[in-house]
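Student: Provided below are the primary sequence and the corresponding predicted coordinates.
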Amino acid sequence: MPARVLVVDDDAGIRESVVMALQKAGYRTLDAPDAAAARELLRQHRVDVVVSDIYMPGEDGLALLQSIAERRDPPRVILITARGTIETAALAQRIGAYDYLAKPFDLSELIARVGSAIRPAAEAASVDPPPPSRIVGSHPSMVEMYKAITRVAPLDVPVLILGESGSGKELVAQSIHDLGPHAAGPFVPLNCGAIPDTLLEAELFGSLRGAYTDARQDRRGALSRADGGTLFLDEIGDISPAFQVKLLRFLQDGTVTPLGSEKSHRVSVRMIAATHRDLKALVAAGSFRQDLYYRLAAYEVIVPPLRERKSDIPFLVDHLRRKAAEEMHREAIPGPSRAVLDVLTNHDWPGNVRELEQVIRRTIIDSGGLVDAGAASRAIRAIAPESKREEAAARTAVDLVPLDEAEKRHIIAVLEATGGNQTQAAFVLGIERKTLARKIQRLGISLVKSGGPS
C-alpha cells in the first residue's frame with residue numbers, strides 16, 4: 001500500500017500544491033491548516049511522513065514536531081519554513097526532525113526527501129525552546145549552512161569556516177560553540193590578521209613578565225583563557241609560516257608554553273578557525289602548511305555572501321533595525337519604505353552583512369528612520385570601499401518615475417527574489433496575499449509558470 005503523507009500549512013495554496021505533487025508521485029495524502037487539525041488526523045490515521053510549516057497561527061510546527069516525537073511509533077517529519085534560523089534548525093534536529101527545507105522549494109526536491117523519509121523515525125528527547133537568533137536568513141544556502149552547523153557542532157573536532165569579510169563568520173563560530181560539548185566553557189575570539197606577528201605568539205600562548213619589550217606583567221594567553229571551551233582564530237590565512245609551525249605543534253600535543261617560561265601545561269580547547277582567503281590555493285603556493293590545513297579543516301562550513309542571498313535582505317533589515325533601536329535607546333524605528341528596500345536590494349554588498357549594518361545605522365542617524373531612499377543611497381556611497389563607490393552610486397541611484405511604476409518595479413523584484421511565490425512575496429512586502437494579488441492585477445504584472453513575472 002502506498003505511504004501516507006500528512007501536509008500541514010496554513011497557506012491553502014502551498015498545501016494544495018504539495019498535496020497534488022505527492023498524489024502525482026503515488027502517495028496517499030492528508031492535509032491540515034494547523035497543528036490542532038494535524039494532531040486529530042494523526043489520531044485517526046496511520047501516517048508515514050509529516051510535511052509541516054513551522055510558522056503557523058496558534059501552535060507552531062516545532063510544537064507539533066515535539067508532540068509527534070512523543071508518540072510511540074512516530075512518523076518522520078520534514079519541516080518547511082520561509083523564516084529559518086540556526087536555532088530553529090538545531091532545535092528541529094534535536095527534537096527529531098528528519099529534514100528541514102527552505103521556502104520557496106522545488107516540489108521535485110520535496111518529493112525526493114519524502115521518499116527518503118519513508119522509514120521508522122527515531123525517538124527524540126524534549127528540549128527547551130530556542131533563544132532569539134543571531135544569524136538571520138532563510139535562503140536555501142543559509143539553510144544548508146544551518147544543517148552543516150548542527151551536524152558538526154556536537155562533535156569535538158576542529159572546524160574551518162570559509163567566507164568573505166563581514167559575512168558573519170564569528171557568529172557561525174559562536175553558534176557551533178553554543179551547540180557543542182564545550183558550550184558551558186568560554187568562547188575566546190582572536191583575530192590573527194589584526195595582531196602583529198611579533199605579538200601573536202604572546203597573545204596565543206601567554207607570556208611572563210620581562211619575556212619581551214613592554215611585557216610588564218604576566219599575561220594569560222588566549223589558549224589558557226579558552227581552556228574547557230572554544231578558541232576562535234579569525235583570519236587564520238594571514239599568519240606567517242613561522243607561526244604556523246608553532247600553532248601546528250600545539251594542535252599535535254595540546255600543550256602551552258608561555259613566552260619566557262620553561263614550564264608547559266595542557267589545555268582542552270575546541271579549535272574553530274576562519275578565513276576569507278582560499279587556503280587550498282595558499283597550500284598549493286607553498287605559503288600555508290598542508291599539515292596545518294588538514295589539522296584545522298576536519299570539517300568546513302561555508303558562509304554564503306550577501307549578494308547571493310538578496311531575498312534575505314528584508315529580514316536582515318528588520319533584525320538590524322531592531323538592533324539599532326536598542327543601541328540608540330529608541331522605543332521603535334519604523335520599518336523600511338519600499339524605495340529604501342529597492343536601494344538595498346540593488347546593491348551588491350562587497351562588505352556583506354557588516355556593510356549592511358553600517359548602512360542601516362547611518363541611514364537612521366542621518367534621516368531619522370528608514371524611509372528616505374536618498375539617505376540610504378548616500379550611506380552606501382559613503383561606506384562602500386573606494387573602488388566600489390562609483391559602481392554603487394550607479395546601482396543605487398533613485399529613478400525619477402511615477403509612483404505606480406516604482407511600486408510595480410519593487411513588486412516584480414520581490415517576486416523574482418522569492419521565485420514567484422506570492423505568499424512569501426506578500427510577507428516580504430508586509431501586506432496580505434490578497435492585497436498583493438489586487439496590486440498584481442491593477443499594475444498589470446503578468447506571471448509565468450516558470451516562477452517569475454514576465
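Tutor: Noted; the coordinates are in hand.

Student: Which elements pack onto whichever strand or helix holds residue 425?
Tutor: Per DSSP states H and E, residue 425 falls inside helix 422-429. Applying 3 or more Cβ pairs under 8 Å, 6 or more residues apart in numbering; DSSP states H and E, one finds that helix 422-429 contacts helix 12-24, helix 403-417, helix 433-442. All C-beta spots, glycine's among them, are computed from the backbone N, C-alpha and C.

Student: repeat that for 6 Å
Tutor: In terms of contacts (3 or more Cβ pairs under 6 Å, 6 or more residues apart in numbering; DSSP states H and E), helix 422-429 is packed against helix 403-417, helix 433-442.

Student: Buried residues, the shortest one. List them.
Tutor: When you say that, I think you mean helix 433-442. 433, 436, 439-440 (16 or more other Cβ atoms under 10 Å).

Student: Which member of the residues you listed is positioned nearest residue 32?
Tutor: residue 433 (19.3 Å; Cβ to Cβ).

Student: What is the neighbour count of the nearest residue to that closest one once chain neighbours are set aside?
Tutor: Leaving aside its chain neighbours, residue 433 sits nearest to residue 426 (4.3 Å; criterion: Cβ to Cβ, 6 or more residues apart in numbering). Per other Cβ atoms under 10 Å, the neighbour tally for residue 426 reads 22.

Student: and if you look at residue 55?
Tutor: The burial count for residue 55: 16, using other Cβ under 10 Å.

Student: circling back to that earlier point, mean pLDDT and distance to residue 299 added to the helices and strands packed on helix 422-429, as JSON lines?
Tutor: Formatted as JSON lines, the helices and strands packed on helix 422-429 follow (pLDDT from 0 to 100; distance: least, Cβ to Cβ, whole Å):
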{"stretch": "helix 403-417", "mean pLDDT": "78", "distance to residue 299": "31"}
{"stretch": "helix 433-442", "mean pLDDT": "86", "distance to residue 299": "41"}
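
Student: Dump these into JSON lines; add distance to residue 251 as well.
Tutor: Output for the helices and strands packed on helix 422-429, formatted as JSON lines (distance: least, Cβ to Cβ, whole Å):
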{"stretch": "helix 403-417", "distance to residue 251": "43"}
{"stretch": "helix 433-442", "distance to residue 251": "53"}
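
Student: Which of those helices sits closest to residue 57?
Tutor: Comparing those by Cβ to Cβ, helix 433-442 comes nearest, at 14.1 Å.

Student: which outside residues touch the closest one?
Tutor: Identification of contacts with helix 433-442 by Cβ atoms under 6 Å, 6 or more residues apart in numbering yields 422-423, 426.

Student: Reformat those as TSV; add pLDDT and distance to residue 54.
Tutor: Listed next are the contacts of helix 433-442 as TSV, based on pLDDT from 0 to 100; distance: Cβ to Cβ, whole Å:
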residue	pLDDT	distance to residue 54
422	85	19
423	83	14
426	78	17
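
Student: all strands for the stretch 251-400 of the chain, in order.
Tutor: In the stretch 251-400 of the chain, strands defined by DSSP state E, counting those that start in this stretch lie at 255-256, 265-266, 270-275, 299-302, listed in chain order.
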